[in-house]
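1. the following comprises the amino acid sequence and a computationally predicted model.
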Amino acid sequence: MATRMRGFGLTCAVLALVSSAATAGPMNVTVTVQNLAPANSISFAALRLGFHNGTFDSFNNGQAASPAIISIAELGTGNDWFPAFQAAEPRATLGSIAGPLLPGQTATSTFRVDPAANQFFTFGTMVVPSNDFFLGNDSPTQYQLFDRNGNLLIDHIDQSARQIWDAGSEEFDPANAAFLVDGTNALRTPQNGVVSFNFNELSRFNGLTTRGGYVFNSQLNANSSIYRISFSATPAEVPEPATLTMMGLGLFAVAARRRWRKKEIAN
């Protein structure tokens, strides 16, 4: 009995070390964005994104738009979004994937992320042409990308036309809309509304020439697929020799424990 308990105790102790060593380190996360909208339909400004702990909340459905989300919805820049994000979560990993992204186009970039500190994913991108339309997640915890061991929980986020937001901050006006050849995007008429879902208004841009070189034709219904964000992840660092040694010891301990049990049964 004493031998059995010593063997069991050794196995548990080593496995505990292995489990600790196996806790996720930094990950390289490759993010790919695709514009799935029909030809000549909507395009998207650069994607602004953050890997974070679930604290930063850039907007809420039915409430007035914050300066953070307005900088994305009206200008596509994130000039106020990034500072607000950093202030709320200093340890967040923030970045962009360049735009504009025209129908059918794809873009990708890789980010170094600590899954133990930043399990959640938040994003925002301006829908163009528009005055203040955007895509983004209302709840900061809507998309949990990792568990604490670094396992990827979701591999993509799909957006349909019904998920296009209207910031409610600027009145509809093609003369001031982004991405139109005849639009300046320099002037704005305050709307003083609230954030809400709205894609139908995009059809009012039909027939206007975009800066992408095509004549706009929305063609969208509520279920139209328009945008996909995909994820893949690999360890950012190769395990140190000491970690590999502990893992080897763990496997040895498990094998030894099995041999002891076989001998006890045989005797």
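-> Ah, there it is. Residues are numbered from 1 along each chain as shown.
2. buried stuff in stretch 96-112?
-> 97, 99-103, 107, 111 (16 or more other Cβ atoms under 10 Å). (Each C-beta comes from the backbone N, C-alpha and C, glycine too.)
3. from those residues, which is closest to G25?
-> Each of those was checked against G25 using Cβ to Cβ; the closest is F111, at 14.7 Å.
4. let me know the pLDDT of the closest one.
-> If you check F111, the pLDDT there is 98.
5. same thing with R148?
-> pLDDT at R148 comes out at 83.
6. now it: how far from P83?
-> From R148 across to P83, the span is 28 Å (Cβ to Cβ, to the nearest Å).
7. over to A177?
-> 26 Å.
8. direction included, what does the helix or strand L135 falls within pair against?
-> Using DSSP states H and E, L135 sits within strand 133-136. Strand pairing for strand 133-136, using DSSP bridges, gives strand 120-128 (antiparallel), strand 165-166 (antiparallel).
9. using CSV, write out every CA atom in the first one.
-> It refers to strand 120-128. This file holds the C-alpha atoms of strand 120-128, laid out as CSV (Å, rounded to 0.1, in the frame of the first residue of the first chain):
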residue,chain,number,x,y,z
PHE,A,120,-12.0,38.5,-25.8
PHE,A,121,-12.1,40.1,-29.3
THR,A,122,-13.7,43.5,-30.2
PHE,A,123,-13.9,45.1,-33.6
GLY,A,124,-15.2,48.0,-35.6
THR,A,125,-15.2,49.1,-39.2
MET,A,126,-17.0,51.8,-41.2
VAL,A,127,-19.4,50.6,-43.9
VAL,A,128,-19.0,52.8,-47.0
